[in-house]
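>>> Provided below for reference: sequence and predicted model.
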Amino acid sequence: MQPAPPNSLLGLTSQELTNLVLESGQPAYRAQQLFDALYRQRIDAIDQISTLPTDYRLRLGEMGWQVGLPKIAGKFVSSDGTARYLIEMADGETVETVWMPEGDGGESGDGSEAGDEIETSSAGTASWRRATICVSSQVGCAVNCRFCFTALLGVKRNLTAGEIIGQIAAILRDQRVQPPLQRVNLVFMGMGEPFLNYENFMKSVGLLVEGIGIPEARMTVSTAGIVPRIRDFGREAVRPKLAISLNASNDSLRTEVMPLNRKWNLGELMTAAREFPLRTRERLTFEYVLLEGVNDAAEHARELADLVRGIRAKVNLIALNPGAELPYCTPAQERVLEFQRILVGAGIATFIRRPRGRDIFAACGQLKRTIELPSAT
Ligand code: SF4
C-alpha cells in the first residue's frame, strides 16, 4: 500500500495540537483555538483561523502544515435526495461518501437504524429531520466480497484519521449542517473495511465525538468479520455500534460469497458476536445481502434464525443492488418478504433496507462503481 500524505492538521488530537504549538514556542491555549477552527468551524485554510496571530498562521504554512480538508471533486444527487460525493485527497486518491437526508422518518428508538427504513422525501431538500453520512475508511478494499463493486478495485491505501474526518467535514460544509444542533448519524459502511484500518478509524471516532460533536451512539461501524478486531472493539471505552456483514447462513455459502470466511469462519465469528459486550439497550446488527438463488431460500432464513437466536440483535436484509460486473442477481420482492417473514416468525427482529440513491450508484455495495455520470453538479 502507498503511504498517505503527511502534514495535515485535520486528524490531530488536542494533545497532538498542544505538542505542535508548544514546539513552535506558542502558548498552550493556541491548541484549543486550532482544535475549534478545525473541528467546530471546519475552516479549509490556515489563514481563516482568525483567532491565531497572522505571523503564527504564516509560520504554520512555512512549516508545511495545511488544514487537509479533502476536495469535493464530484457530487451526484439522486431523485430521492441522496447525494454521492467523490472526495479527493491531497495525493489525488479518491473515495466516495454518501449523504442521505431522511425526511421525517422519525426517531429510531436506540438510534441504531441509521440509514435504514427510510421515509423517502420528495426532493431531499431542507425537509430532513436527520441525515446519515456513509463514510469510507480505505481507498478500495482488500476483503473481496463477491457481491460488492468496491471489491473490484482492490485496496490502494488506508485513509488517515484526518481523511476519514475530512469526508464528513467537507459534506457538513457543503450541506451547511452543524451537529449537534442538527442530527447527523454516521455509518462506516462506505469503501473499505474499517477494522483493517483500525487505529485510524478509532482515532477518527474520538475526534468526531470530541471535535465535531457527533455522539458515538449515532455511529455504526460495519465489519465483514475481522474477529480479533471485533474483540478489541468491544473493549473500547468510546465506540460506535457494531454491525456484522453476514450474508450467508452456513460456512460453505459464506466462503463462496465472502472468501474472508476461510480465515475467520462462522463459528468463530458468531462466538465473537455472542461474547460482544453490548451496552444497555444496544443491539448488534447483522446485515444480509440477498442474492437470488444463492442465499435467499427459506432454508437459509431458518439457518440464519438459528445462528442469530439468543443474541440481542436485529437483521437488516438488503436485496442486492444489481450490476453487470457482479455474478449475482437481485431477488424478487416476494422472496425478500418471505425471507423476512420466516425470520420474524422465528422471533428475530428483521428489517428490509430500502435502497438509497440507486440511480446514482450510491446504494449499498455500489460505491466507486463509476465516476463518469452525466448528472454531476
Ligand atoms: S462489502 Fe465492504 S468489506 Fe466487502 S469488499 Fe465491499 S467494501 Fe470491502
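Here it is on my side, so go on.

>>> got a list of what the residue of the stretch 201-350 of the chain at minimum distance from the ligand touches?
Residue of the stretch 201-350 of the chain nearest the ligand, by Cβ to the nearest ligand atom: residue 224 (4.0 Å). The C-beta positions use only the backbone N, C-alpha and C, and glycine is treated the same way. Neighbouring residues of residue 224 by Cβ atoms under 8 Å, 6 or more residues apart in numbering: 143, 145, 193, 245, 258, 260.

>>> and the second one, helix, strand or coil?
Classification of residue 145 by DSSP: H, G, I helix; E, B strand; the rest coil places it in coil.

>>> which residues sit in contact with it?
Going by Cβ under 8 Å, 6+ apart, residue 145 touches 151, 224, 245, 247, 257-258, 260, 365.

>>> just those residues: which are in helices?
Among these, the ones falling in helices (DSSP state H) are residue 257.

>>> quick check: which of the contacts of residue 145 has the minimum pLDDT.
Lowest in pLDDT among these is residue 365, which has 60.

>>> before we move on, back to that, what's the most distant pair in the contacts of residue 145?
Within the contacts of residue 145, two members stand farthest from each other by Cβ to Cβ: 260 and 365, at 15.2 Å.

>>> picking up where we left off before, so which of the contacts of residue 145 is the most crowded?
Neighbour counts for these, by other Cβ atoms under 10 Å, peak at residue 247, which reaches 28 neighbours.

>>> from what I can see that residue touches residue 147, true?
Yes: using Cβ atoms under 8 Å, residue 247 is in contact with residue 147, at 7.2 Å.

>>> please enumerate the shared neighbours of the two.
The contact sets of residue 247 and residue 147 overlap at 257, 289, 291 (Cβ under 8 Å, 6+ apart).

>>> how about the residues of the stretch 51-200 of the chain near the ligand?
Within the stretch 51-200 of the chain, the residues that sit near the ligand (Cβ under 6 Å from any ligand atom) are 141, 143-145, 148, 150-151, 191-193.

>>> now with 8 Å?
Proximity of the stretch 51-200 of the chain to the ligand, by Cβ under 8 Å from any ligand atom, involves residues 141-145, 147-151, 189-193.

>>> would you state the strands of this structure in chain order?
Using DSSP state E, the strands of the chain run over 71-77, 83-88, 94-101, 130-134, 138-140, 155-158, 183-188, 219-223, 241-245, 284-290, 313-319, 349-352.

>>> for the ligand, see how far away residue 86 is.
As judged by Cβ to the nearest ligand atom, to the nearest Å, residue 86 and the ligand stand 16 Å apart.

>>> pull the contacting residues for that residue.
With contact set as Cβ under 8 Å, 6+ apart, residue 86 has these partners: 72-76, 94, 96, 371.

>>> ok, residue 242 next?
The contact partners of residue 242, by Cβ under 8 Å, 6+ apart, come to 220-221, 223, 230, 233-234, 276, 284-285.

>>> 10 Å - rerun?
By Cβ atoms under 10 Å, 6 or more residues apart in numbering, residue 242 lies in contact with 112, 195, 220-223, 230, 233-234, 272-273, 276, 278, 282-285, 313.

>>> with residue 246 instead?
Residue 246 neighbours (Cβ under 10 Å, 6+ apart): 224-225, 254, 258, 266, 269-270, 273, 285-289, 295, 304, 307-308, 315-316.

>>> what pLDDT does the model give it?
96.

>>> remind me which residues of the stretch 151-300 of the chain are low pLDDT?
The model of the stretch 151-300 of the chain has no residue with pLDDT under 70.

>>> in it, which spans are helices?
161-175, 198-207, 227-234, 251-257, 266-275, 298-308 (DSSP state H, counting those that start in this stretch).
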